[in-house]
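> let me see the structure of the following:
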Amino acid sequence: MKRFLSVIVVAVALLSACTGNKVYDKYEHTPIAGWEKNDTLKYQIPPVAQSGMYKAELGLRINGSYPFMELTLIVDQTRFPGRSVKSDTLNCELIDRRGNSKGRGLSYYQYHFKVTEMYLHAGDSLSISVRHDMKREILPGISDIGIMLNR
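This is a model prediction of the structure:
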């Protein structure tokens, strides 16, 4: 019985440690029939509890109807309370030259791309917006775009 109880305690400890240093993780859906160029996705990251270096990443899910090998995204970040603004252009390579997906999955493919690393003070918050910068106005095949912030 003691052995069983100790296994349960270890399992609970391991499962509770799986969140790591994740501060924020949220996905927004886009219409699978087409994400319009003027549709901006917005993410409001609440104030962080600790000062330190933080890494922002973008998660992307597409299906086989996405018509291109790459995707260009504009990521605007506004830090509060100072209202400093930073803009990054992400050139996301999704399919290699042989036509193979660089993401993981079967019918939907998952990708992760580094956005930036930044120092945040305790109490700082972020507003992040994402839009596509492709020549085509409506992009089919993109289902979700997410922002993750890790300490």
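> ok, V23 to E137 distance?
With distances taken as C-beta to C-beta, to the nearest Å, V23 is found 34 Å from E137. C-beta: built from backbone N, CA, C; applies to glycine.
> more neighbours: the two, which one.
V23 (20 against 11; other C-beta atoms under 10 Å).
> contacts only, for that one.
Contact analysis of V23 by C-beta atoms under 8 Å, 6 or more residues apart in numbering lists 45, 48, 54, 149-151.
> alpha carbons of the helix or strand containing D144, as CSV, please.
Using DSSP states H and E, the element containing D144 is strand 142-150. Below are the C-alpha coordinates for strand 142-150, written out as CSV (Å, rounded to 0.1, in the frame of the first residue of the first chain):
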residue,chain,number,x,y,z
ILE,A,142,-5.2,28.1,-41.8
SER,A,143,-7.3,27.0,-38.8
ASP,A,144,-5.6,28.4,-35.7
ILE,A,145,-2.9,30.8,-34.7
GLY,A,146,-1.7,31.0,-31.2
ILE,A,147,0.7,32.9,-29.0
MET,A,148,2.8,31.3,-26.2
LEU,A,149,4.9,33.2,-23.7
ASN,A,150,7.5,31.3,-21.6
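> and it, what does it pack onto?
The contact analysis (3 or more C-beta pairs under 8 Å, 6 or more residues apart in numbering; DSSP states H and E) places strand 142-150 against strand 22-29, strand 41-45, strand 52-63, strand 108-120, strand 125-132.
> make CSV out of those strands and add distance to N91 and mean pLDDT.
Converted to CSV, those look like this (distance: least, C-beta to C-beta, whole Å; pLDDT from 0 to 100):
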stretch, distance to N91, mean pLDDT
strand 22-29, 21, 96
strand 41-45, 18, 98
strand 52-63, 12, 96
strand 108-120, 9, 95
strand 125-132, 12, 97
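> V85 is nearest to which of the ones you listed?
Nearest of the helices and strands packed on strand 142-150 to V85, taken as C-beta to C-beta: strand 125-132 at 9.4 Å.
> can you give the strand pairings for the closest one, parallel or anti for each?
When pairing is defined by DSSP bridges, strand 125-132 lines up against strand 41-45 (antiparallel), strand 70-80 (antiparallel).
> thanks a lot, see you next time.
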